[in-house]
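[1] build me a model from this:
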Amino acid sequence: MKTILVPTDFSENAFVAAAYACALAEASKQKVQLLHVYIALYSGFGEEGNSVKQIKLAETESAAAMKSLLESLSNQFPGVDIEGECIKGFMIDVVTNKLKKNENSLIVMGTKGVTNIAESILGSTTYEVIKKSPVPVLVVPIDTPDFSFKRVGFFTAYDDHELDALMTFQQAINLKPHLSMLHFYKENDSTPDKELSRWQRKVETAFPDWPVSCKTIPVDKVDINAVTQETKADGLDLLVFARPHKSFFEKIFRPSLTKAIANYPTVPSLFIKT
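    Coordinates of the predicted model:
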């Protein structure tokens, strides 16, 4: 049984992400591993006893907060196997070491979303994890309503590597919601109807038992507002983005768009490295 890894700092944002991860684990029959990484700050000029006290205090507070979180989630999701761990160190290093064990299907992290334009709950860590993680990273905004997984939007550039991303998505989630393949093109360009038909046939051939639809969207400017508008118009529960060496966003989007979506998503968003 695969495990969903959930880094947490015990904030409200992180709790929403953890609850989402548990609901997803329940639906896809996976386990949940909560992870808190703490740093005990102390001065090298202080007494050695004070340094030890600071470390012990951080350990004690982290353990107590983790116990409380585990109790809350276990009561809410009694059928899900949920574990928690607190480790001293740096988030990126600890997460990277965890992923080396090849037990995790994906990582779930939280952000404040559009209701509060501020840094994500773990600062720039969320984006750094997205860039470095070999497994998909699912970012959950704080204003996410009850778990829903009926309609998934996949932003496509009609590249074959995206089929690998879809396979990774299917293996990680183990569910088959309706898949809406979305392609942006500039309003002044010709409608890519032939490419759309070819791509839809290719996706349907690769995933014959997965309900799929394809749609082209003319836009004046490809930015986070266009993504948000289409998300609402199509009633999407989740967005999926493939991130190859030279991604869709790096071809036609501003380089900062991936980071913007990661920090301020309107709905849960999954980033897959291919």
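
[2] use CA for all of it now, contacts and neighbours both
    Will do.

[3] partners of the residue nearest to Phe90 when sequence neighbours are not counted in the sheet?
    Computed as CA to CA, 6 or more residues apart in numbering, the closest residue to Phe90 that is not its neighbour in sequence is Val37, at 6.5 Å. When bridges are taken as DSSP bridges, the partners of Val37 come out as Ile87.

[4] make sure Val37 is actually in contact with Val95.
    No: checked against CA atoms under 8 Å, the pair Val37 and Val95 is beyond contact range at 9.0 Å.

[5] so for stretch 90-101, what's the average pLDDT?
    When the per-residue pLDDT values of stretch 90-101 are averaged, the result is 86.

[6] list the pairing partners of the helix or strand harbouring Thr216 within its sheet, with orientation.
    Secondary-structure assignment from DSSP states H and E places Thr216 in strand 212-219. Here the strand partners of strand 212-219, with direction, are listed using DSSP bridges: strand 178-186 (parallel).

[7] stretch 13-30: which residues count as buried?
    Of the residues in stretch 13-30, those with enough neighbours to count as buried (16 or more other CA atoms under 10 Å) are 13-26, 29-30.

[8] and the pLDDT at the residue nearest to Phe90?
    At Val37, the model reports a pLDDT of 89.

[9] need the contact list for it.
    Val37 makes contact with Pro7, Thr8, Asp9, Cys86, Ile87, Lys88, Gly89, Phe90, Met91, Val94 under the criterion CA atoms under 8 Å, 6 or more residues apart in numbering.

[10] strand partners (parallel or antiparallel) of the helix or strand containing Val152?
    Val152 is located in strand 151-155, with elements delineated by DSSP H and E. Here the strand partners of strand 151-155, with direction, are listed using DSSP bridges: strand 178-186 (parallel), strand 238-243 (parallel).

[11] other residues contacting that strand?
    Identification of contacts with strand 151-155 by CA under 8 Å, 6+ apart yields 177-184, 231, 235-242.

[12] buried stuff in stretch 93-106?
    For stretch 93-106, burial by neighbour count (16+ other CA under 10 Å) applies to Val94, Val95, Leu99, Asn104, Ser105, Leu106.

[13] what do you get for stretch 64-83?
    Using 16+ other CA under 10 Å as the test for burial, stretch 64-83 gives Met66, Leu69, Leu70, Leu73, Ser74, Phe77, Val80, Asp81, Ile82.

[14] alpha carbons of that stretch, as PDB, please.
    Taking Å, rounded to 0.1, in the frame of the first residue of the first chain, the C-alpha atoms of stretch 64-83 are listed here in PDB:
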ATOM      1  CA  ALA A  64       2.300  17.300  21.500                       C
ATOM      2  CA  ALA A  65       1.000  19.100  18.400                       C
ATOM      3  CA  MET A  66       1.500  16.000  16.300                       C
ATOM      4  CA  LYS A  67      -0.500  13.900  18.900                       C
ATOM      5  CA  SER A  68      -3.300  16.400  18.800                       C
ATOM      6  CA  LEU A  69      -3.400  16.400  15.000                       C
ATOM      7  CA  LEU A  70      -3.300  12.600  14.800                       C
ATOM      8  CA  GLU A  71      -6.200  12.300  17.200                       C
ATOM      9  CA  SER A  72      -8.300  14.900  15.300                       C
ATOM     10  CA  LEU A  73      -7.700  13.300  11.900                       C
ATOM     11  CA  SER A  74      -8.200   9.700  13.200                       C
ATOM     12  CA  ASN A  75     -11.600  10.700  14.600                       C
ATOM     13  CA  GLN A  76     -12.600  12.300  11.300                       C
ATOM     14  CA  PHE A  77     -11.200   9.400   9.100                       C
ATOM     15  CA  PRO A  78     -11.400   6.200  11.200                       C
ATOM     16  CA  GLY A  79     -10.800   4.000   8.200                       C
ATOM     17  CA  VAL A  80      -7.500   5.600   7.200                       C
ATOM     18  CA  ASP A  81      -4.100   4.400   8.400                       C
ATOM     19  CA  ILE A  82      -2.500   7.700   9.600                       C
ATOM     20  CA  GLU A  83       0.900   8.000  11.200                       C
END
